[in-house]
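1. Sharing a model prediction with you, sequence too.
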Amino acid sequence: MRVKLRNVYVAYSGSRKPTIKDITLTLDRGVYVITGPNGAGKTTLLETIIGLLKPYRGEAYLLGVNTKSRRIFRARRKCSYVPQDFMKPPTEAYTGMDVIRLGLVFNRGSLNDAIELAKRLNALDLLEKPFGKLSGGQQQKIMILRALARNPEILLLDEPFSSLDAETKENLCEILKEYSDRLVVIVCHDTSIVKRSADHIVRMEEGRVVDIS
């Protein structure tokens, strides 16, 4: 299994209250959409899956590696994660292509893949522009392009549609369908956007998984 969580509890540093609690979840392949109200623990679940947060109770495995193990860094190279908050300041010197190129270091992806994907997401003109001077939606496109171009075994996206126009949302949904032979996990408030692409909907409330359909 690509992801396995067993009776997992996670709390942020300095807090005694768990953000997610008693989650047992096994994910192997397909497109999973995680939904639920604000504060339900959706982002925390993504960060636990990728190993950025460690359970204080229970066990979490990524590609067969316990996320508390030092080997998690090697397993993480086979994954792509686009967080919700990544805005860079206007002084950022890198171009969009530079940002993508840096994401491909020690990875099996290619710049050619990034260029082809950029055409499909109407982002070709952004590749040579300063990343820090792009709008929120444009930066989001570049980060998504980088994640896809890495050719990941696991793709994690936190609210990837939040700043995209309607046409780009549709195009991205079509691309995500093509990754269904891998594992794609998307946090999304509005499931209507990805309903046609999703294999499973995971609903969270108050830090727990309450339904999987």
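-> That came in fine, so what should we check first? Predicted, not measured: the structure shown is a model, and the values here were computed from it. Numbering: from 1, shown residues only.
2. Next one: Ala11 from Lys54, what distance?
-> 10 Å (CB to CB, to the nearest Å). C-beta coordinates here come from the backbone N, C-alpha and C atoms, glycine included.
3. Compare those two (neighbour count), which wins?
-> Ala11 (18 against 14; other CB atoms under 10 Å).
4. any idea how far the closest residue to the more buried one other than its chain neighbours lies from Lys141?
-> For Ala11, ignoring the flanking residues on the chain, the nearest one in space by CB to CB, 6 or more residues apart in numbering is Pro18 at 4.8 Å. Noted for Pro18: a distance of 35 Å to Lys141, by CB to CB.
5. same check, this time on Phe73
-> For Phe73 relative to Lys141 (CB to CB), the value is 27 Å.
6. quick one: Tyr94 and Ile100 touch, right?
-> No. Judged on CB atoms under 8 Å, Tyr94 makes no contact with Ile100 at a distance of 9.5 Å.
7. neighbour-wise, which of these two wins?
-> Ile100 (27 against 15).
8. wait, what's in contact with the more buried one?
-> Contacts for Ile100 (CB atoms under 8 Å, 6 or more residues apart in numbering) come out as Leu111, Ala114, Leu127, Ile142, Leu145, Arg146, Ala149.
9. Please settle this for me: is it part of a helix?
-> Yes. Under DSSP: H, G, I helix; E, B strand; the rest coil, Ile100 sits within a helix.
10. Just the pLDDT for it.
-> Per-residue confidence (pLDDT) for Ile100: 93.
11. again with Ser180
-> 88.
12. If I follow the layout properly, it ends up in contact with Asp28?
-> No. Under the criterion of CB under 8 Å, Ser180 makes no contact with Asp28, lying 11.5 Å away.
13. And those two? Which one has more around it.
-> Set Ser180 next to Asp28 and count neighbours by other CB under 10 Å: Ser180 wins out with 14 against 10.
14. ok, that one - contacts?
-> Arg29, Gly30, Val31, Ser197, Asp199.
15. how about a cut-off of 10 Å?
-> By CB atoms under 10 Å, 6 or more residues apart in numbering, Ser180 lies in contact with Arg29, Gly30, Val31, Ser197, Ala198, Asp199.
16. Is it possible to get CSV of those that adds neighbour count, distance to Glu59 and secondary structure?
-> Listed next are those as CSV, based on neighbours: other CB atoms under 10 Å; distance: CB to CB, whole Å; DSSP: H, G, I helix; E, B strand; the rest coil:
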residue, neighbour count, distance to Glu59, secondary structure
Arg29, 16, 21, coil
Gly30, 15, 22, strand
Val31, 22, 25, strand
Ser197, 19, 30, coil
Ala198, 23, 27, coil
Asp199, 12, 25, coil
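17. now the residues you listed as a markdown table including pLDDT?
-> Below are these laid out as a markdown table (pLDDT from 0 to 100):
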| residue | pLDDT |
| --- | --- |
| Arg29 | 94 |
| Gly30 | 95 |
| Val31 | 96 |
| Ser197 | 86 |
| Ala198 | 92 |
| Asp199 | 93 |
